[in-house]
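In: The sequence isn't on hand, but the structure is:
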């Protein structure tokens, strides 16, 4: 377990600079499923801390929750489902990536579901760590939301992480499933949309 955790953290950091090399290494790594699980689990664990800090600082959800929970206490409850939500989302979106990458393509037979798990773990966690976790956990609770101009917030939330995640999905599936760039980008856009809907349903 320790080896998988440490290797996962190494892949996580290296993917920031050289994702292509990381995807090639994961493709050949017999522990890829375990490693990608720990990448996702650790990030979900970190993200479960975020709402507690937001609650402590008096920040309330920007979008009213649909669940029958008080908005003033929503961030106290969110950590209860953050890790299960993160793992379930990882598995479901990775499954979409895999099925869309192999659909109608005999030459994609070498791509396995475990490869898609590794691809989406990296594609989700790396951009989200920089554009979501750091600002929401280390900046917003102490300086407040609205510290930065609206255009910068939109860039942080709706532009840069989308481009980065779609690129990583396309780059990863090109390595693991021999998907073309066009197919990989299309899969990246589709799965990001699905991911965003799942995120919006439970996270605030």
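Out: Received the coordinates, thanks. The structure displayed is predicted, hence computed values, not measured ones. Numbering: from 1, shown residues only.
In: Please name the nearest non-neighbouring residue to residue 111.
Out: In this structure, residue 111 finds its nearest non-sequential neighbour in residue 177, 3.1 Å apart by CB to CB, 6 or more residues apart in numbering. Glycine gets a C-beta too; all of them are placed from N, C-alpha and C.
In: neighbours around residue 184, how many?
Out: Around residue 184 sit 26 other residues, with neighbours defined as other CB atoms under 10 Å.
In: Please name the residues that touch it.
Out: By CB atoms under 8 Å, 6 or more residues apart in numbering, residue 184 lies in contact with 101, 169-174.
In: So which of those is the closest to residue 21?
Out: Using CB to CB, the shortest approach to residue 21 within the contacts of residue 184 belongs to residue 171, at 10.8 Å.
In: got the phi/psi numbers for that closest one?
Out: Its backbone dihedrals place residue 171 at phi -70, psi -40, with angles given as degrees, to the nearest 10.
In: Could you report the neighbour count for it?
Out: Other residues within reach of residue 171 by the criterion other CB under 10 Å amount to 23.
In: What's the separation between the residue nearest to it when sequence neighbours are not counted and residue 127?
Out: Across the structure, with CB to CB, 6+ apart as the measure, the residue nearest residue 171 apart from its sequence neighbours is residue 19 (5.7 Å). In this structure, residue 19 and residue 127 are 11 Å apart, going by CB to CB, to the nearest Å.
In: Quickly list what's touching both of those two.
Out: Looking at what touches both residue 19 and residue 127 (by CB under 8 Å, 6+ apart), the common residues are residue 168.
In: Low-confidence ranges, this structure, go.
Out: Judged against pLDDT under 70, the low-scoring parts of the chain cover residues 105-109.
In: The residue most central in space within it in helix, strand or coil?
Out: The C-alpha lying nearest the average C-alpha coordinate of the chain belongs to residue 124 (CA atoms, centre = their mean; 2.3 Å). Secondary structure assignment for residue 124 (DSSP: H, G, I helix; E, B strand; the rest coil): helix.
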